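Asks: Generate a structure from the sequence data that follows.
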Amino acid sequence: MMHLLLLVPSSFLLILLFLHSWHYRGRGVTLAFFISSFAFGVLRGNLIHLIITRYFGGETLPYLFLRPMVKIWHASVQECIGWVFALYLSWSTVEWVLSRQGHDKVPLFRLIGLSAFFMGTISYAVEAAAAGVKWWVWIFPIKNPFLADVPFAGIVAWISVVFDFLCPFLLIYHKAFRHWTRYLLFCLFPIHMLFHMKVTNISAWLPVNPAELWHWVFLCLLFWGIAAGGPEITTPFSPAVEREERKSILRFAVLATAAGFILVLASAHLFIIRNPEIAISLVPFIAGLLYFKPLYSTVFCAGVCLLFGVFTGAWSYTLVPLLVWAIFGLGSSRFSKIFSLKRRRIFALAILILSTAAAYYYYSGRYKRYEALSEIADKITAEKSTADLDSLLARLPGSPKAEDAYHYNKLGMQLLKRKNYPAAMLILQKSLACDSTYAYAYINLAWAYRQTRDYEAAIKAYEKGLALNPIDYDSYLLLGEIYQGLDRLKEAEALYRRGLEYDNTNTKIVLALESILYRQERLQEAVELLKSSLPGKGDTKKIESRLAADLFKMGRSEEAVSLYQNVISEDISHLYAAATSLALIYWRDRGMPKKALEYVILASAVNPTADIFALKGAICEELGLEEEARAAYLRAAELKNVVSDK
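Replies: Below is the predicted model of the structure:
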């Protein structure tokens, strides 16, 4: 249901945008844009996956689609279609807003810059709804109270897509540069990806990583483009074009799509997530849409900000729509009439210089704090006394800041490896004092509590960590073990089912849930659970082996035998367990000791244990093979003695 809410209306709206482009822009431009933007999405998804998994050795992308229907290698088709939809909607909506201010032509650079910031408003609205309705989630801590729990990295990533793709496309399409070198603009995306190959700071005098530097540069360029304006171009929404197309219903296609977009996400906020406060994420998009009449946008922003602040007390949220309103104000025709191009450039340059200086001051401070913490990290790691730890930590300059949470958590992990749990707990609690939404600090703190047998504190910490990062699957298993150890099986079952909502192919969680059901003699439910996981992306042979055991327990030996034989024929790593189970079935259940002996011999060849030789001796004894039985028992005794010596 939740995914249909995204898929069905979005598909209809995408078709509407395609028809609009075909009618107003022509077949060639339409096919070029829709095909190339989809191909860009495929390339982007696979290249990011390659960098993270192959170059950095990670397991997956920083974001995870929970129900990807179709993939092109590692790129989700939904994601690729989403880029096409969002890019065209941003482009066309900005054309409409600028053209509605009464001009037949609009400045190209302003169109590109505002399209990027409009893309940011779309990302803000979509990302706020995505995690709530489980369309996708980010795999690192993303809680951000200033942005309604939307990762700032996600917003910047959406904006960067405009710079990487839409900017080159529009500059070439409108022939802003006529020389053949304009095609070098397509190098923007690969250069952007190269900047992500280094994640550490560039240097002490430039305390940012290359990706942060790239993001800042393109944001500045987009802002400069909004102020500068650029060459004038005609759009499908120019007054002259609209007068000719009064009878065409497609002239309302972009507005209808924007309205449908708002309706879909508002429905998700109000009826699925049931958290009206998240609807604040739609305000920047609507504020930008209303900017065709600045007075409308001003009244809307002021009214929403006032109501939201009064009813929630979260006044900081209101800065986001106000910032969007200010950016669109810089790009309005009225601003251009009041100030000459020279004055606009001076004004924009002053803002960029001041904001760059502020950003440099912030990142320099962050770097100095990192250096200060790194300098005492070795001493803290080796320290045993809590009092001495406090004296060392007091050397960290200034009050705790959110960015310190990462460093404290990293230090806490080092202390956990040294099994200095009291010190680790102290450091991790300081991490949470810096940022109470840092999921991994909760998860590491839970591990420390678990190791010191403070299970109630561990449960609370794990639950907080999972609320912030719901796809840390190891935490489901570790917390589930605590619940089972305390005989709180209902809570363990609910926990595992919650984990499977995010990944129903996770073999470890499937088997953990099956063990709960098996323990409660709910064999039919256990069998249905395992069958629903086949075929799957997880370890299917483990699931088949467990399913065979459950079926045998239920007396369905024929099905069990078939599964065990399938496991043996296809996966040697499970051969021992499957062969042993088959031997027991043929010996005890079917009374076929000769057949059982074949599987015992097979199992003993793979993994010669005392138990398997004892079983072999019993079967041989029943068959009257006294010499073989004696040899098997002797071998079992030898293996038991070896184990006891160890």
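Asks: Looking at the chain, which helix is longest?
Replies: Counting residues, the longest helix found in the chain (DSSP state H) is helix 341-382.
Asks: Would you map the strands across this structure?
Replies: Remark: strands assigned in the chain by DSSP state E are 63-65, 71-72, 75-76, 105-107, 136-138, 232-234.
Asks: just those strands: most buried one?
Replies: Of all the strands of the chain, strand 75-76 has the most neighbours on average by mean count of other CB atoms under 10 Å, namely a mean of 22. The C-beta positions use only the backbone N, C-alpha and C, and glycine is treated the same way.
Asks: so what's Ser581 up against?
Replies: By CB atoms under 8 Å, 6 or more residues apart in numbering, the contact set of Ser581 is Ser545, Ala548, Ala549, Phe552, Ala560, Tyr564.
Asks: Look up the pLDDT of the closest residue to Ala433 other than its chain neighbours for me, please.
Replies: Distances taken as CB to CB, 6 or more residues apart in numbering put Pro400 closest to Ala433, at 5.6 Å, once the chain neighbours are dropped. pLDDT, Pro400: 73.
Asks: Is it correct that Pro400 is in contact with Ser436?
Replies: No. Applying CB atoms under 8 Å, one finds Pro400 not in contact with Ser436, separated by 11.1 Å.
Asks: Now for Tyr455: which residues touch it?
Replies: Here Tyr455 is in contact with Tyr449, Ile482, Gly485, Leu486 (CB under 8 Å, 6+ apart).
Asks: Just the pLDDT at it, thanks.
Replies: We have a pLDDT of 96 for Tyr455.
Asks: quick check: mean pLDDT across stretch 515-527?
Replies: Averaged across stretch 515-527, the pLDDT comes to 91.
Asks: Show me which residues of that stretch are buried.
Replies: Neighbour counts using 16 or more other CB atoms under 10 Å place Ser515, Ile516, Leu517, Tyr518, Leu523, Glu525, Ala526, Val527 of stretch 515-527 among the buried residues.
Asks: one step back: now the longest helix of the chain: how far from the chain's centre is it?
Replies: Computed by CA atoms, centre = their mean, to the nearest Å, the chain-centroid distance of helix 341-382 equals 27 Å.
Asks: mean confidence for it?
Replies: Mean per-residue pLDDT for helix 341-382: 86.
Asks: Which elements pack onto that helix?
Replies: Applying 3 or more CB pairs under 8 Å, 6 or more residues apart in numbering; DSSP states H and E, one finds that helix 341-382 makes contact with helix 210-228, helix 386-393, helix 404-417.
Asks: Now tabulate those helices in a markdown table and tack on mean pLDDT, mean neighbour count and distance to Ser604.
Replies: Converted to a markdown table, those look like this (pLDDT from 0 to 100; neighbours: other CB atoms under 10 Å; distance: least, CB to CB, whole Å):
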| stretch | mean pLDDT | mean neighbour count | distance to Ser604 |
| --- | --- | --- | --- |
| helix 210-228 | 94 | 19 | 56 |
| helix 386-393 | 68 | 13 | 54 |
| helix 404-417 | 87 | 21 | 39 |
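Asks: now the helices: where do they sit in the stretch 451-600 of the chain?
Replies: Taking DSSP state H, counting those that start in this stretch to define them, one finds helices in the stretch 451-600 of the chain at 455-468, 473-485, 489-502, 507-519, 523-532, 540-553, 557-570, 575-584, 593-606.
Asks: Of all those helices, which one comes closest to Lys379?
Replies: In terms of CB to CB, the element of the helices of the stretch 451-600 of the chain nearest to Lys379 is helix 455-468, at 26.5 Å.
Asks: how close does Gly57 get to Lys430?
Replies: Per CB to CB, to the nearest Å, Gly57 is found 29 Å from Lys430.
Asks: between these two, which one's more packed in?
Replies: Neighbours per residue, other CB atoms under 10 Å: of Gly57 and Lys430, the larger number sits with Lys430, 22 against 7.
Asks: Go ahead and confirm that one touches Lys401.
Replies: No. With contacts counted by CB under 8 Å, Lys430 stays clear of Lys401, the gap being 11.7 Å.
Asks: so how far is stretch 417-424 off the chain centroid?
Replies: That offset, for stretch 417-424, works out to 30 Å (CA atoms, centre = their mean).
Asks: Much appreciated, bye for now.
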